[in-house]
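Undergrad: My questions are about this predicted structure, shown below with the sequence.
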Amino acid sequence: MYSTVVPADCMSPDEVINSSQPDVVRQGCFCDFDVIACTRNGILSLFAGILTILCIYKIVRLHQAPQQYYHQLLVFYCATVECLIVIVHWVYIHYPQLELAAEYMKMLQLLIVCHFYLSRSVRLLRRDHLSMKLVLPALIAFFAYFSVVAVIAIVMSKDTTMECFDPYWVMMSAVEFFLTQLFLLAGILITKKMNEVTTLESARRQQKRNLWSIIIAFELSSLTTMLFDAVMLILNPQNASCADIYNRSQIVYSITYLFLMLFKIVVPIVTLLAVFHPVSRYTDSNQEDFLTSDTQYGAFQARFASPGSYRRLYQPGTEDHGIPWVPPSQYASPARRTQSFPKLPSIQEEHEPTSLSLPVTA
């Protein structure tokens, strides 16, 4: 991991001895300047700055949308805070507490996304009661664990040359990886149920692509983070400092750290920005609650509406969109009507959806 420069009078004897050698982990733009390290941090900060602007733009669009997208708003608020934290961390103040705070924001995003998809998976199983009795308590337990570990780590962490060997990094990344596997199981179940649904093939294919894009992004992020933290912990007895792992080579450390941060932070946020967005729907006032209710399909709506969404356009006796319903007897003879329309489609009530459609975008 990374940390900042510590005054010599605050260093341990071993640190003072090694202070004459370059500490590649501590080097950056403002603290112990190094060209390669500053270039690395500049590239990462540029990525984070662009993501911050995109997240803020997405938040503005969500607030302007006629529907309420609570899950998305929470996700992008957390992503914005995460990006701002890492920008400060990379550019100026290299404190491990800031990295822990950014890691905590990332885990909150994962918890919010998991809450949506896990609750939808139990809904597809016709076990709605499990959403409150199993899914929500489990996610609250994960949230409590992440919060306790993050607070303890922030309070107890110290800016030393061996900060990357602290066990709380693995304690957080391992549980994050486990939570991602639950997300993966929910994705498999949802995909299986989607294959049984009669809907447009293009809509179903897009829903699957969006769902698995998020799953793969968080799988890569959590797996990369956990492996890195585990390797750091394993190499602890063999090295006197974090810089020794890279043989005090700034090139080796910068390449490793750059790819780590791209998978850990950039990839998940880019995927969420590409998948989640508000959807413009043209519905009447009686349909609005059904299509946008956070308790029915959640905050993320499908890009394509299911056939049931347009049911009221064909309901006899209504004048939706200014087109009155005309009885068939007034414009076609019974014989003609029987020939063209052998059987009129049955009309279901508003609360009885004709098919299930997974809302993976907003």
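TA: Now that the structure is in, tell me what you want to look at. Numbering: from 1, shown residues only.
Undergrad: mind listing the helices for the stretch 51-200 of the chain?
TA: For the stretch 51-200 of the chain, the helices defined by DSSP state H, counting those that start in this stretch cover 70-91, 96-124, 129-130, 136-156, 168-195.
Undergrad: residue contacts, Phe146?
TA: By Cβ atoms under 8 Å, 6 or more residues apart in numbering, Phe146 lies in contact with Tyr104, Met107, Leu108, Leu111, Met172, Val175. Using the backbone N, CA and C atoms, a C-beta is placed for each residue, glycine as well.
Undergrad: Would you mind measuring from it to Glu176?
TA: 8 Å (Cβ to Cβ, to the nearest Å).
Undergrad: list the residues that contact both of these two?
TA: Overlap of the contact sets of Phe146 and Glu176 (by Cβ under 8 Å, 6+ apart) consists of Met107.
Undergrad: if we can go back for a sec, return the entry from the contacts of Phe146 with the maximum number of neighbours.
TA: Met107 (25 neighbours; other Cβ atoms under 10 Å).
Undergrad: residues in contact with that residue?
TA: Applying Cβ under 8 Å, 6+ apart to Met107 gives the contacts Phe146, Met172, Glu176, Leu179.
Undergrad: pLDDT for the residues you listed - can I get that in JSON lines?
TA: Output for the contacts of Met107, formatted as JSON lines (pLDDT from 0 to 100):
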{"residue": "Phe146", "pLDDT": "93"}
{"residue": "Met172", "pLDDT": "92"}
{"residue": "Glu176", "pLDDT": "93"}
{"residue": "Leu179", "pLDDT": "93"}
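Undergrad: Quick check: pLDDT value at Ile214.
TA: As predicted, Ile214 sits at a pLDDT of 94.
Undergrad: Then Ser285?
TA: 37.
Undergrad: Show me the least confident stretch of the helices of the stretch 51-200 of the chain, going by mean pLDDT.
TA: Lowest mean pLDDT of those: helix 129-130, a mean of 76.
Undergrad: now what about that helix, what contacts it?
TA: So helix 129-130 is contacted by Val122 (Cβ under 8 Å, 6+ apart).
Undergrad: 10 Å - rerun?
TA: For helix 129-130, contacts defined as Cβ atoms under 10 Å, 6 or more residues apart in numbering pick out Leu118, Ser119, Ser121, Val122, Arg123, Leu136.
Undergrad: next one: stretch 25-40
TA: Contacts to stretch 25-40, defined as Cβ under 10 Å, 6+ apart, come from residues 1-6, 22-24, 41-42, 45, 89-94, 159, 161, 163-164, 241-246, 248-251, 253-255, 257-258, 261.
Undergrad: Buried ones from the residues you listed, can you make that a ChimeraX selection?
TA: Buried members of the contacts of stretch 25-40, defined by 16 or more other Cβ atoms under 10 Å, are picked up in ChimeraX with:
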select :1,2,3,4,6,22,23,24,41,45,89,90,91,92,94,159,161,163,164,241,242,243,244,245,246,248,250,253,254,257,258,261
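Undergrad: Could you tell me which of the contacts of stretch 25-40 are located in helices?
TA: Judged by DSSP state H, helices contain the following of the contacts of stretch 25-40: 41-42, 45, 89-91, 242-245, 250-251, 253-255, 257-258, 261.
Undergrad: what packs against the helix ranked longest in the chain?
TA: The longest helix of the chain (DSSP H) is helix 201-234. Using 3 or more Cβ pairs under 10 Å, 6 or more residues apart in numbering; DSSP states H and E as the contact test, the elements touching helix 201-234 are helix 96-124, helix 168-195, helix 242-245, helix 250-261, helix 267-275.
Undergrad: Distance to Ala141 added to those helices, as CSV?
TA: As requested, the helices and strands packed on helix 201-234 are exported to CSV (distance: least, Cβ to Cβ, whole Å):
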stretch, distance to Ala141
helix 96-124, 11
helix 168-195, 10
helix 242-245, 32
helix 250-261, 28
helix 267-275, 22
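Undergrad: With that, I have no additional questions.
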